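K.L.:
Just need the structure, nothing else, for what follows:
(chains A and B)
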Amino acid sequence: MVAQNFRHALFCAFITLIISYPILGLNLEARGVSITLTGAETQTYVGIALAVVIVFLFQLFRPAIMETLGQVKAINPMINREPMPQEKRVKFERFALILIVLGAMFWPFIASRGAVDLATLVLIYIILGLGLNVVVGLAGLLDLGYVAFYAVGAYTFGLLFQYYGFSFWMSLPIGALLAATFGFVLGFPVLRLRGDYLAIVTLGFGEIIRILLNNLTDLTNGPDGIGGIPDPTLFGMEFGRRVKIEGNTSFHEVFNIPYDSAHKVIFLYLITLILAVFTLLVIRRLIRMPVGRSWEALREDEIAARSLGLSRTAVKLSAFTIGAFFAGFAGTIFASKQGFISPESFVFLESAIVLAIVVLGGMGSQLGVILAAIAVTILPELAREFSEYRMLVFGAAMVLMMVWRPQGLLPMTRVHINLKKQEAGVTDHA
Amino acid sequence: MHDVMYFLQQLINGLTVGSAYALIAIGYTMVYGIIGMINFAHGEIYMIGAYVSLIVITGLAVTSPAWIPLVLLVALICAIIVSSSMGWAVERIAYRPVRGQHRLIPLISAIGMSIFLQNYVHLAQGSRNIGFPLLIEGGISLGGSGGGFQANLSYMQLTIFIVTLVCMTGLSLFISRSKTGRACRAVSQDLKMSSLLGIDTNRIIAATFVIGAALAAVAGLLLGMYYGSIDPLFGFIAGLKAFTAAVLGGIGSIPGAMLGGLVLGVAESFTSGYLSGEYKDVVSFGLLILILLFRPTGLLGKPEVEKI
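P.N.:
Numbers count the residues shown, from 1 in each chain, chains lettered A, B, ... in the order given. Sure thing, here's the model as predicted:
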């Protein structure tokens, strides 16, 4: 047993060396046409050696370590505590959501301009996360091309503005509805497919949209993108120093206050906040409605749900379309916030980030998604020097989450009634 | 004559890329055949194979042409060793603990692994693309000696054909004759039953990952050199296309993956030859969507009966 363990540990350590040394320890460097091979810094080698030793020791003492971990689990009060009673849980979630919204309302008046700008981005990701949560978390359809609908929303605004001079408020519903239409049209044929095929088809669709945006140069301006997209206005009042579009007035002139560039940022933030709250409330209602319940029913057991008379296509299609709708929403806001859009912003990685938000937060759980969106967007900003490790950590976190806690950090629980267990002595005559 | 030659050239190009796609597609199809999951990180294993072979070729720094075959062989072996180890480790870390859970869980884990590996190479080797020297130069000119367009079969393309053919033959023999190969087939038919009959299914599943990764490494060396440059994102699109090839041929079927790779390569090459190079990706993804919609079992696959 010990000898076998030792051999296995040696093998694992050796594999660790093989997969880390050539990639980390030997760096290719291109100088003009010639390529040279340079060694890495000493600390990299130390790191590799350390990793090898750790893997070796871990595998060697694996049974003992696992046993200790099991004991830690057994005495850990955080894991062993009774689950919160559900009335309390529902109240807690509602309380937390209200607290977050209230905090978000006062945020722009206490934070710096950059922090407000970042918070707007967080809110966009929250809308995206909540929308994808409907598709992935509630309906159980893995959509890897979610960014395509985001792109549709953003480009709808960009193109409508460029060709017809549409404003933000006119484009917002059009963008969202157009994205929903795309979702509907794509969903109609593909939702018959099984889970993993669906994932690949949506991924392919996302790539097709991006390639088309890149190559339809006459329409979309290709990789150069569309610029000069206007900010939202408040009843025809613009927030710039000078009025750009004829017929509009200027915010600071109407209220006779000195011009401040922060007004624009705060206004955009507040609009995004209102839209995010709107998204949250709409989806919260939908979950309780028959359509929301049928999403989950179909996710849990397709055959049972269908035999109870649910139309598979209608239910899946509704989830897919609603998810796409909110992505279009977020896309329009994004276009307005950035003022410039190009296909670069709509790569697969964006889909993966939104998916990571949903997965890390706990599939189906709205509070979880919101917290995950905040964490995923803000953490890399806080640790700027580590920002290049962001995606590395994301990938690792997704794997670890699936291995250890596939239900996510704050798993969703449905309001339900527990049937009382039959008391002893009472016999079942049925 | 010009049209025929042009057609022939596109066909050669398509078959070249297609046979490399087939090599990658085998990894997808074998894994899917056995545990029914899409190994999303397979494209990254292929990319790592390309990087390792470039590292070895640069490290050996041989200039005299006589040594080139040996250099290539060493690079190939190193790439196979590293990629196979990577395939083994990925299976062990990210897939084995989640095996048997709901379908989406291994898939999300695989996507996480794919992102991780992409950034692992990105951080270690930089994000810029690096030129891959073409060590096999020259070629054969086909067609008449007159003027006009002439189809050209380069030695590089010939190498790709031959290496692919050798690998495919080797794999077919391995699957049909060897004990492990027989166990692989048994496990893909019925995992539970074969484990009851005393097959170490964990070992066989690990073996499929290792075999798939080794073939992907071969493809990495060949295609990296054929395209002439590599970068950390190099595996993503290629992986997606190889997956398309696997689905096209009928996922789970090894001859299907070979056929699917060739068909996809030719379809792509004709798109870029006759329409526009920008749309070749659109064509392959469009093809994928159409096959999944109208013939999900692919060209050579068997229909899957859903049991309740």
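
K.L.:
chain center to whichever strand or helix holds residue A:105, what's the gap?
P.N.:
Assigned by DSSP states H and E, residue A:105 belongs to helix A:86-110. Averaging C-alpha positions (CA atoms, centre = their mean, to the nearest Å) puts helix A:86-110 20 Å from its chain's average.

K.L.:
Can you give me the buried ones in it?
P.N.:
A:93, A:97, A:100, A:104, A:107, A:108 (16 or more other CB atoms under 10 Å in any protein chain shown). All C-beta spots, glycine's among them, are computed from the backbone N, C-alpha and C.

K.L.:
and those residues as CSV, adding distance to chain B?
P.N.:
What follows is those, written out as CSV (distance: CB to the nearest CB, whole Å):
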residue, distance to chain B
A:93, 24
A:97, 26
A:100, 26
A:104, 29
A:107, 31
A:108, 33
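
K.L.:
The host helix or strand of residue A:71 close to chain B?
P.N.:
Following DSSP H and E, the helix or strand that holds residue A:71 is helix A:62-75. No - Helix A:62-75 stays clear of chain B (CB under 8 Å from any CB of the partner chain), getting no nearer than 12.5 Å.

K.L.:
After the helix or strand harbouring residue A:184, which helix or strand is next?
P.N.:
According to DSSP H and E, residue A:184 maps onto helix A:168-190. The helix or strand immediately downstream of helix A:168-190 is helix A:195-215, counting by DSSP H and E.

K.L.:
angle of that following helix against helix A:168-190?
P.N.:
Orientation check (axes from the mean of the first three to the mean of the last three CA atoms, to 10 degrees): helix A:195-215 against helix A:168-190 gives 130 degrees.

K.L.:
So which elements touch helix A:195-215?
P.N.:
helix A:146-164, helix A:168-190, helix A:348-361, helix B:104-125, helix B:234-249, helix B:280-294 (3 or more CB pairs under 8 Å, 6 or more residues apart in numbering or on different chains; DSSP states H and E).

K.L.:
Next secondary structure after it?
P.N.:
Assigned by DSSP H and E, the successor of helix A:195-215 is helix A:217-220.

K.L.:
Could you report the neighbour count for the residue in the stretch 201-350 of chain A that chain B sits nearest to?
P.N.:
Nearest residue of the stretch 201-350 of chain A to chain B: residue A:204, at 3.6 Å (CB to the nearest CB). Residues within reach of residue A:204, counting by other CB atoms under 10 Å in any protein chain shown, total 25.

K.L.:
list the contacts for the residue nearest to it when sequence neighbours are not counted?
P.N.:
Distances taken as CB to CB, 6 or more residues apart in numbering or on different chains put residue B:285 closest to residue A:204, at 3.6 Å, once the chain neighbours are dropped. Counting by CB atoms under 8 Å, 6 or more residues apart in numbering or on different chains, residue B:285 touches A:204, A:205, A:207, A:208, B:240, B:244.

K.L.:
show me the contacts for the fourth one.
P.N.:
Right, residue A:208. Contact analysis of residue A:208 by CB under 8 Å, 6+ apart lists A:148, B:281, B:282, B:285, B:286.

K.L.:
Top of the residues you listed by number of neighbours, please.
P.N.:
residue A:148 (30 neighbours).

K.L.:
ok, is stretch B:123-143 in contact with chain A or not?
P.N.:
Yes - interface with chain A: stretch B:123-143 contributes B:123, B:124, B:125, B:126, B:128, B:130, B:131, B:133 (CB under 8 Å from any CB).

K.L.:
any idea of the mean pLDDT in that stretch?
P.N.:
Averaged across stretch B:123-143, pLDDT comes to 80.

K.L.:
can you pull the buried residues of that stretch?
P.N.:
B:123, B:124, B:125, B:130, B:132, B:135, B:136, B:143.

K.L.:
can you put those residues in JSON lines and add distance to residue B:234?
P.N.:
JSON lines is the format used below for the buried residues of stretch B:123-143 (distance: CB to CB, whole Å):
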{"residue": "B:123", "distance to residue B:234": "16"}
{"residue": "B:124", "distance to residue B:234": "14"}
{"residue": "B:125", "distance to residue B:234": "11"}
{"residue": "B:130", "distance to residue B:234": "10"}
{"residue": "B:132", "distance to residue B:234": "10"}
{"residue": "B:135", "distance to residue B:234": "18"}
{"residue": "B:136", "distance to residue B:234": "20"}
{"residue": "B:143", "distance to residue B:234": "33"}
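
K.L.:
Pick out whichever of the residues you listed sits closest to residue A:220.
P.N.:
residue B:130 (31.1 Å; CB to CB).

K.L.:
Give the bridge partners for that closest one, please.
P.N.:
Beta bridges link residue B:130 to residue B:230, judged by DSSP bridges.

K.L.:
OK, contacts around residue B:18?
P.N.:
Residue B:18 is in contact with B:245, B:261, B:262, B:263, B:264, B:265, B:266, B:268, B:269, counting by CB under 8 Å, 6+ apart.

K.L.:
how close does the closest residue in space to it that isn't next to it in sequence get to residue A:280?
P.N.:
Spatial nearest neighbour of residue B:18, excluding adjacent residues (CB to CB, 6+ apart): residue B:265 at 2.1 Å. Per CB to CB, to the nearest Å, residue B:265 is found 48 Å from residue A:280.

K.L.:
Check residue A:318 too.
P.N.:
Where residue A:280 is concerned, residue A:318 sits at a distance of 18 Å (CB to CB).

K.L.:
Tabulate the contacts of residue B:285 (a markdown table), appending pLDDT and distance to residue A:387.
P.N.:
Shown next, in a markdown table, are the contacts of residue B:285 (pLDDT from 0 to 100; distance: CB to CB, whole Å):
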| residue | pLDDT | distance to residue A:387 |
| --- | --- | --- |
| A:204 | 85 | 30 |
| A:205 | 87 | 30 |
| A:207 | 86 | 26 |
| A:208 | 87 | 30 |
| B:240 | 86 | 27 |
| B:244 | 86 | 34 |
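
K.L.:
Same list, those residues, but as TSV with distance to residue B:255 please.
P.N.:
TSV is the format used below for these (distance: CB to CB, whole Å):
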residue	distance to residue B:255
A:204	24
A:205	29
A:207	28
A:208	29
B:240	22
B:244	17
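
K.L.:
Quick one: closest of the helices and strands packed on helix A:195-215 to residue A:62.
P.N.:
helix B:104-125 (21.0 Å).

K.L.:
elements contacting the closest one?
P.N.:
strand A:26-31, helix A:195-215, helix A:348-361, helix A:390-404, helix B:42-60, helix B:68-90, helix B:234-249.

K.L.:
now the third one, how far from the chain's geometric center?
P.N.:
Between the mean C-alpha point of helix A:348-361 and the mean C-alpha point of its chain there is a distance of 4 Å (CA atoms, centre = their mean).

K.L.:
right, and the helix or strand after it?
P.N.:
Following helix A:348-361 in sequence, per DSSP H and E, is helix A:366-382.

K.L.:
hmm, who's touching that next one?
P.N.:
A:93, A:96-97, A:100, A:118, A:121-122, A:125-126, A:128-130, A:133, A:137, A:280, A:283-284, A:353, A:356-358, A:360-362, A:386-387, A:390, A:394, A:408-412.

K.L.:
again with stretch A:187-204
P.N.:
Stretch A:187-204 is contacted from outside by A:140-146, A:148, A:186, A:205, A:312-313, A:316-317, A:320-321, A:324, A:348, A:351, B:37-38, B:103-104, B:107, B:240, B:243-244, B:247, B:285-286, B:288-289, B:292-293, B:296, using CB under 8 Å, 6+ apart.
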